[in-house]
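**Student:** Starting from these lines, generate the structure:
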Amino acid sequence: MTPCAGVAILTSGGDAQGMNAAVRAVIRYLTHQNIPVFCVFDGYEGLCKGGDLIKQMGWKDALGILSKGGTLIGTARCPAFRNREGRKMAAKNLIERKINSLVVIGGDGSLTGASIFKTEWPDLLGELLKEKQIFPGNAKLCSYLNIVGMVGSIDNDLCGTDMTIGADTALHRIVDAMDCLASTAASHNRTFIIEVMGRHCGYLALMSAIAGPCDWVFIPEAPPESNWKEVLVTKMKNASNSSKRFGLIVIAEGAADCDGNPIKAEQVKTLLSDNGMDVRVTVLGHVQRGGQPTAFDRTLGSRLGCEAAKVILEGIHAGAEIDPCIVSLKNNTIVRLPLMEAIKHTLSIKECFKNKDFQRAQELRGTGFSKKVEMSKMLSVLEVKSLPEDGKQLNIGVAFIGAPAPGMNSGIRALVKIAAYHGNIVTVYHEGTDGILADNSEVISPAQCELWSMRGGCIAGSSRSTINSSNVEVALSNFAKRNLDCLVLFGGFEAVTSSLALTKHTTMPVYLVPATISNNVPGSDFSIGCDTSLNTIVRSVDCIKQSAASTRKRVFIIEVMGGNCGYLAVLSGLASGADAAYIPELPVNIDELQCDAYKVMDKMEQGCHRGIIIRNENSSPHYKNDFVTALYAEEGQFAVRSSVLGHIQQGFTPSPFDRTLAATFACKVYRDIIKRLTKAHFTSDDVVVLGIRGSSTVFTPVLELQMDQQRRVPLDSWWLDLKPLIQTLALPPSTARAKTSRTAGCPHCNGGGCDKGASH
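**Tutor:** Numbers count the residues shown, from 1 in each chain. The predicted model follows:
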C-alpha cells in the first residue's frame, strides 16, 4: 500500500439531490482507512484552478450534509477542462497534492471528461516532469490515475443502471406538484400541462404519469402517432366532461414527434384552447433539483459512495492501476460497470432518435421501459371498453388483508383501469376478510377510482382477520356467488396466511401482492408502502434533529415499526445518519448497548452534539425504549429523549415509488391472469405471491415460500448487508478503532474500539 496516495472527490454538471450523501460516504469510508481525502470545489473548474478549491477533508467536515440538497462542494461548467491545456493544469494540481485517484459524481459529460483525463494522464505527467513543474517523487507516486464514477443525474439517463442519484427526489417534486394541481384543476374543470425536465430522457415524465392521474404523456422515446392532435383533443374533452372534471398532461422538455419536431407545452395549450378548453401551463423547472433528498437518494448515495471507496482502496492496496468504472445500482445490487461502455450505450440513444429507431431507444433504457409506456396508456382510461373478442368479461376479485399501507389505493386503481382497458371488471371487497365473509362487495369503475393514487391508507377498507380453516367454505361460497374468475389479495403476512388456507381449496388463481410497511412478505425484496413509511421516518428524524439544534449533547432513542422485521430500522438508520440501529434479526445485549453509549460519548467529545439511535419495536423483549433511554442517560453525560413514532408511519400520501410499484404489480398480475386462465384446472401452484427478486418480477407458489411463519419474516433479507454501513458512516475513526477508557471494559471490543455494535 502507498501511504501517501490521496483521493479527490468532485461533483460536476447539474446538481442532484443525494450527491452530498455520496461525498459523505467517500470521505468517511476512506478516513476510516487512514487515506487522505480531498474535495475539489466547483467541479472541474476547481480542479483546473487549484489553490483553496482543493481542500483536504476530515471526518468532521462531512457533518450534517447527509440531509442537504444540491452539492455542498459545488459544481460548475468548465470550458477550460475541455482543452488539453486545462487538463494539464488539473493534473499538476493533483500531483502537487500527491493525489492519484479521482472520484467523479456527475452525468455522462462529466464522466466522459474523466475518461479522457485518465487516457491523457501519462503524457500530461511526462510533460509536467520535463518542464519541472512537479517533483520527481510526486510523479513516481502518481504514475497513474485511477478513476471511479457515480452518476448524479435527476434524469436517470445512464444505460446500465436502474436509478441514478437524484432521480427519486426529482420524481417526488413532480408528483407532489401534480397532486396539488389536480385539486385546483378539478375546482375549475381545467386542464393543466406540466413540463418536466428530461432533455433526452423521458423517465421523469413517464413515471410521474404512472404515479398520478395523468391523461397523456409526451416523452422523447415514444413520440405520438401522426394524428395525435385529433386524438388528444378528443381524449381531453372526454376527461373534462367526465366525473373527473379535469385533465393532466405531462411533457418532457425533450419531447418531439416522429419527425423530430419539438412538442412544447405552449403548443399543446394553443391546440386545446382553440378547441374550447380552459388550459394552464406549469413549468416546474429547477424546483425538481432542489430540496432535501429522499430516503432512497440518501441511501443510494451512501451505498454508491462506499462502493466507490472500496474500488479506490483495492487500487491503493494493490499499488496498481485499475480499470475506470462506474459504480451503479443494478437489480438492487451495487455493481461496477466499465466507464466508457456505459456512456457509449447512453450516447447511442441520441443516434436512435436521429434514426427514428424509437423501439431500440426504449430497449436501451432498460427492461420494462416499453411496458411502462404501454401501462401509462392503460392507466388513462375513464370507462370500461367494449367486451373482449371472445365475448367473456372477466371478473377479478380484490381484497385488502392486514394493516393499511400507502400505495394500496394505487394498486387497485391500476388494476381497475387495466382491466377496463381490456373490457373486464374488478369486484372489490370492503373491509378485507370481514367483507369477504359478509359478501360486502362492489364493482369499481375507472372514473370512481381516478384520484385514489393520491390518497394514503386503504379506501376500500382492510382488516387483520384472515381466511382460515374455519371460514374458508364461506369465503369460497361468496366468491362463487360473485362469479369471480380469480382473486387478488393485497396485504402483508395476514394475506400470506389467507393464501395458504386457499391452497387447500383451489378453485381459481389467487394472487398475493405484497403491501405492508414492514416489508416482511417472503418472495419479494420490496412491498407496497415501505418506501412511504421510510420517508416518513426519515423526515421525522430530520425534525427531531432540528428540535435539538440549540441543545448540546442530546441523544434521541427513536422507536420505529416493523414487527419482527428490521427493514425500516436499518434503512432509516442509514438514510438519517443514525449512530446505531437495533433490530430483531440481530438481538442486542446489555454489553453492546453500553458499548454504543460510550461510542456516542466519544463522538460528542469530538464536537458532535447529537446522537440518534433507531430501535425496531421488537428488537428486544426486555430492552424497550424506556430502558435504552435510561441506560444512555446513566452511562452518558448527555440528555436523552425517547420518541415513539407510532402510526404516522402508516399514513401520509404514497410516495412515487410505492405508486409506481403498485401499478407495476397490478399490470404484472393482470397479464398473468390472462395466461393462467387458459388452464382447465387449478392447483395449489396457482396460489402465488408476486414479488421483485433482483431484476425480475416473479410469481412464487405460496407453498414454496422460504419463511419463518411463526415470526412472520422471510428467511433471507437482502438489506441486512447494509447494517454495518450505519456505524461506519456515523462514528469517527478514533471512536471505531481507538482503545479508550470507556470501551476497554467491553468484552466485544477486546479492550479496543468496537466497530460492529449490534451486529456482533
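
**Student:** Could I get the full set of helices for the stretch 551-700 of the chain?
**Tutor:** 567-576, 590-605, 625-635, 656-676 (DSSP state H, counting those that start in this stretch).

**Student:** now these as JSON lines including distance to Pro733, mean neighbour count and mean pLDDT?
**Tutor:** Backbone N, C-alpha and C define where each C-beta goes, glycine included. Putting those into JSON lines (distance: least, C-beta to C-beta, whole Å; neighbours: other C-beta atoms under 10 Å; pLDDT from 0 to 100) gives the following:
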{"stretch": "helix 567-576", "distance to Pro733": "19", "mean neighbour count": "29", "mean pLDDT": "97"}
{"stretch": "helix 590-605", "distance to Pro733": "11", "mean neighbour count": "21", "mean pLDDT": "90"}
{"stretch": "helix 625-635", "distance to Pro733": "22", "mean neighbour count": "17", "mean pLDDT": "91"}
{"stretch": "helix 656-676", "distance to Pro733": "34", "mean neighbour count": "23", "mean pLDDT": "96"}
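
**Student:** Output these in CSV; the columns should cover distance to Trp59.
**Tutor:** Compiled in CSV, the helices of the stretch 551-700 of the chain are given as follows (distance: least, C-beta to C-beta, whole Å):
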stretch, distance to Trp59
helix 567-576, 17
helix 590-605, 10
helix 625-635, 22
helix 656-676, 32
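
**Student:** Among the ones you listed, which comes closest to Asp278?
**Tutor:** The closest of these to Asp278 is helix 656-676. By C-beta to C-beta, the value is 27.2 Å.

**Student:** was I right about Gln56 contacting Ile35?
**Tutor:** No. Here Gln56 does not reach Ile35: they are 11.0 Å apart, not a contact under C-beta atoms under 8 Å.

**Student:** for the helices of the stretch 551-700 of the chain, which one sits closest to Ile193?
**Tutor:** helix 656-676 (19.6 Å).

**Student:** got the CA positions of that closest one in PDB?
**Tutor:** Taking Å, rounded to 0.1, in the frame of the first residue of the first chain, the C-alpha atoms of helix 656-676 are listed here in PDB:
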ATOM      1  CA  PRO A 656     -43.900   7.900  -6.200                       C
ATOM      2  CA  PHE A 657     -42.000   4.600  -5.700                       C
ATOM      3  CA  ASP A 658     -45.000   3.000  -3.900                       C
ATOM      4  CA  ARG A 659     -47.400   4.300  -6.500                       C
ATOM      5  CA  THR A 660     -45.400   3.000  -9.500                       C
ATOM      6  CA  LEU A 661     -44.600  -0.300  -7.700                       C
ATOM      7  CA  ALA A 662     -48.300  -0.800  -7.100                       C
ATOM      8  CA  ALA A 663     -49.200   0.000 -10.700                       C
ATOM      9  CA  THR A 664     -46.400  -2.300 -11.900                       C
ATOM     10  CA  PHE A 665     -47.600  -5.200  -9.700                       C
ATOM     11  CA  ALA A 666     -51.200  -4.700 -10.900                       C
ATOM     12  CA  CYS A 667     -50.100  -4.800 -14.600                       C
ATOM     13  CA  LYS A 668     -48.000  -7.900 -14.000                       C
ATOM     14  CA  VAL A 669     -50.900  -9.600 -12.200                       C
ATOM     15  CA  TYR A 670     -53.300  -8.800 -15.000                       C
ATOM     16  CA  ARG A 671     -51.000 -10.200 -17.700                       C
ATOM     17  CA  ASP A 672     -50.500 -13.400 -15.700                       C
ATOM     18  CA  ILE A 673     -54.300 -13.800 -15.100                       C
ATOM     19  CA  ILE A 674     -54.900 -13.800 -18.800                       C
ATOM     20  CA  LYS A 675     -52.300 -16.600 -19.300                       C
ATOM     21  CA  ARG A 676     -53.300 -18.600 -16.200                       C
END
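
**Student:** before we move on, the earlier item: return every residue with contacts to both of Gln56 and Ile35.
**Tutor:** Gly6 (C-beta atoms under 8 Å, 6 or more residues apart in numbering).

**Student:** more crowded one of these two?
**Tutor:** A count of neighbours by other C-beta atoms under 10 Å puts Ile35 above the other of Gln56 and Ile35, at 22 against 13.

**Student:** Show me what the residue nearest to the more buried one when sequence neighbours are not counted bridges to in the sheet.
**Tutor:** Leaving aside its chain neighbours, Ile35 sits nearest to Val7 (5.9 Å; criterion: C-beta to C-beta, 6 or more residues apart in numbering). Beta-bridge partners recorded for Val7 (DSSP bridges): Val37, Ser101.
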